[in-house]
Structures are given as C-alpha cells and as structure tokens.
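> coordinates only, sequence not included:
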Ligand SMILES: [Zn+2]
C-alpha cells in the first residue's frame with residue numbers, strides 16, 4: 001500500500017548537512033550579538049531604564065533558550081550523519097522525504113508518524129482542527 005521510500009542520495013545528504021551547519025553557524029552568530037547587547041545594557045542605563053532593561057533581558061533570555069534548544073536539535077541531527085541514521089524516521093524507520101528534510105532538516109519523524117503523534121497529543125477538538133491545518137502547523141511548529 002505505502003509507497004516505498006527511496007534512500008537519500010549522497011548528494012541530498014550533503015545538501016542537508018550543509019544546511020544544518022549553516023543553521024548552526026547563524027545561531028552562534030546571534031548568540032554573540034546577544035552578548036554584545038547585554039554588555040551595552042550593563043554599561044548604560046539608570047533606575048528609570050532598569051525596568052526596560054529587565055524586560056529586555058528576560059525577553060532575550062527566553063529567545064536565547066529557544067535558540068539553545070534548536071541548536072541542540074541541530075547537533076543531534078548532525079551526529080546522525082556519523083551513525084548513518086540521518087533521514088530515517090525514529091518511529092517507523094522509513095526514509096523521511098527529502099523535501100520535508102529540506103524544509104525542516106531537524107525533523108526526526110516522517111510526515112505520517114509526525115501527524116499521528118500530533119493527533120495523539122491533541123485533544124479531540126484541536127485534533128480535528130489540526131487535521132485540516134496539519135500542513136500549516138507543521139511548518140510553523142519549527143521547535144515542536
Ligand atoms: Zn515514520
């Protein structure tokens with residue numbers, strides 16, 4: 001019934017690996033930029049500005065935590081290249097489509113398993129909602 005997934009070619013794997021490394025580099029760059037901003041905030045600012053600084057710091061911290069989380073996912077994905085596990089669905093073991101990996105190189109599950117797990121997690125109402133919006137949710141839920 002299910003169409004047999006073809007293994008990713010060497011070239012496709014290379015493309016995805018480069019993409020992951022680029023993503024990682026861009027995250028490192030952002031982190032350095034954030035540190036510079038912290039320094040600027042520490043050097044300037046009086047009591048009046050303190051509340052704004054606090055707000056910015058906490059906001060920034062949340063953002064950075066998300067980046068760290070994503071960076072970990074990238075590292076995990078990159079490690080899979082060494083063990084030849086990259087591109088394989090962690091759930092069913094089939095190959096994840098190249099197009100899906102290109103849009104989301106940290107994906108660990110094929111679209112079928114991912115949709116299934118999202119259906120399980122959702123309440124029945126949201127589950128029904130996301131069925132029709134599945135594609136949109138998948139694209140926006142980069143960190144899910
Ligand atoms: Zn699967």
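Thanks, I have it. Because the structure is a prediction, the values reported are computed rather than measured.
> just give the number of residues close to residue 11.
8 (other C-beta atoms under 10 Å). To be clear about C-beta, it is placed using only N, CA and C from the backbone, and glycine gets the same treatment.
> show me this protein divided up by domain.
With domains defined by automatic domain parsing, the chain comprises 10-86, 87-144.
> by mean pLDDT, show me the worst of those.
If those are sorted by mean pLDDT, domain 87-144 sits at the bottom with a mean of 77.
> next, residue 105: secondary structure please.
Three-state assignment for residue 105 (DSSP: H, G, I helix; E, B strand; the rest coil): coil.
> contacts only, for it.
By C-beta atoms under 8 Å, 6 or more residues apart in numbering, the residues touching residue 105 are 16, 19, 20, 23, 74, 77.
> redo these as CSV? Include secondary structure, distance to residue 53 and neighbour count.
Compiled in CSV, those are given as follows (DSSP: H, G, I helix; E, B strand; the rest coil; distance: C-beta to C-beta, whole Å; neighbours: other C-beta atoms under 10 Å):
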residue, secondary structure, distance to residue 53, neighbour count
16, helix, 40, 20
19, helix, 36, 15
20, helix, 35, 21
23, helix, 30, 17
74, helix, 30, 19
77, helix, 36, 23
